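K.L.:
test case, fold it:
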Amino acid sequence: MSAIARMLLAVDRAGAGLRQREIQVDDHRIVYSEGGHGEPILLLHGFGAESGSWNHVAKFLTKRYHVIAPNLPGWGTSTRLPDASYAYPEQVERVHRFVQEMKLTRFHLAGHSIDAVRKCEQNRKIFDDLQKNDPPLLDQLAKIQAPALVIWGDHDELVDVSAVDVFKRGIKSAEVLILKNSGHMPLIENPRECADAYLAFLGEKNRIFQPVAGLSRAEPA
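P.N.:
Residues are numbered from 1 along each chain as shown. Have a look, this model is predicted:
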């Protein structure tokens, strides 16, 4: 990433009420953004991205929550080891260790797509690692017992919106919202709508979601 791009990310980060920090977790140095006060929210970025992709959403969250957004190991300015595997099982364990080192016992969790597009040769090994998941990730959806909110762009050209049915069937507690006029990156394309939806979801007391502008509720499966 160029110096100008990093400068712009730093400006966005500051505008979101975040500061960049780092922590050593086993054999990886993890760089993360942190800001706000209240219950913790852990924001995980997608494949090929970094924590800065959450900046525009985070600026609405830091007013009410303690936001932590790490550069996942292997990405951004966090350590990438040439001989390490970055498949899901290993990354899940690294995130678990990060959570332990940050002394987070209870927290909200949000993540963006980890679907891979092989655009860079340096990412090819990680892409290949992601295909070696045993057991398959989709088989793990039923294990999610916590309330979940799934937001999908209706113009997603990378993963068609019809794939949302997999989550509706797999996660019994899932609320599904289709974000109108949004593609694969709603956290960047429509950050205010994403933040409004997530804040409403976190704040609801009776498990009844009140739709916000620009969103439509998916019909029950």
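
K.L.:
below-threshold pLDDT in the chain: ranges please.
P.N.:
Along the chain, the model assigns pLDDT under 70 to residues 1, 114-135, 204-221.

K.L.:
where along it do the helices fall?
P.N.:
3-15, 55-61, 88-101, 124-130, 164-170, 186-189, 191-203 (DSSP state H).

K.L.:
want to throw those into JSON lines with distance to T79 and mean neighbour count?
P.N.:
(Each C-beta comes from the backbone N, C-alpha and C, glycine too.) Shown next, in JSON lines, are the helices of the chain (distance: least, CB to CB, whole Å; neighbours: other CB atoms under 10 Å):
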{"stretch": "helix 3-15", "distance to T79": "17", "mean neighbour count": "13"}
{"stretch": "helix 55-61", "distance to T79": "22", "mean neighbour count": "24"}
{"stretch": "helix 88-101", "distance to T79": "10", "mean neighbour count": "16"}
{"stretch": "helix 124-130", "distance to T79": "13", "mean neighbour count": "17"}
{"stretch": "helix 164-170", "distance to T79": "31", "mean neighbour count": "16"}
{"stretch": "helix 186-189", "distance to T79": "24", "mean neighbour count": "22"}
{"stretch": "helix 191-203", "distance to T79": "28", "mean neighbour count": "19"}
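
K.L.:
domains in this structure, by residue range?
P.N.:
For the chain, automatic domain parsing gives the domain ranges 1-134, 138-221.

K.L.:
follow-up on the earlier one: out of the helices of the chain, nearest to H112?
P.N.:
Smallest distance to H112 across those (CB to CB): 5.7 Å, for helix 186-189.

K.L.:
so what touches that closest one?
P.N.:
Contact partners of helix 186-189, identified using CB atoms under 8 Å, 6 or more residues apart in numbering, comprise 53-54, 56-57, 112, 151-153, 179, 182-183, 193-194.
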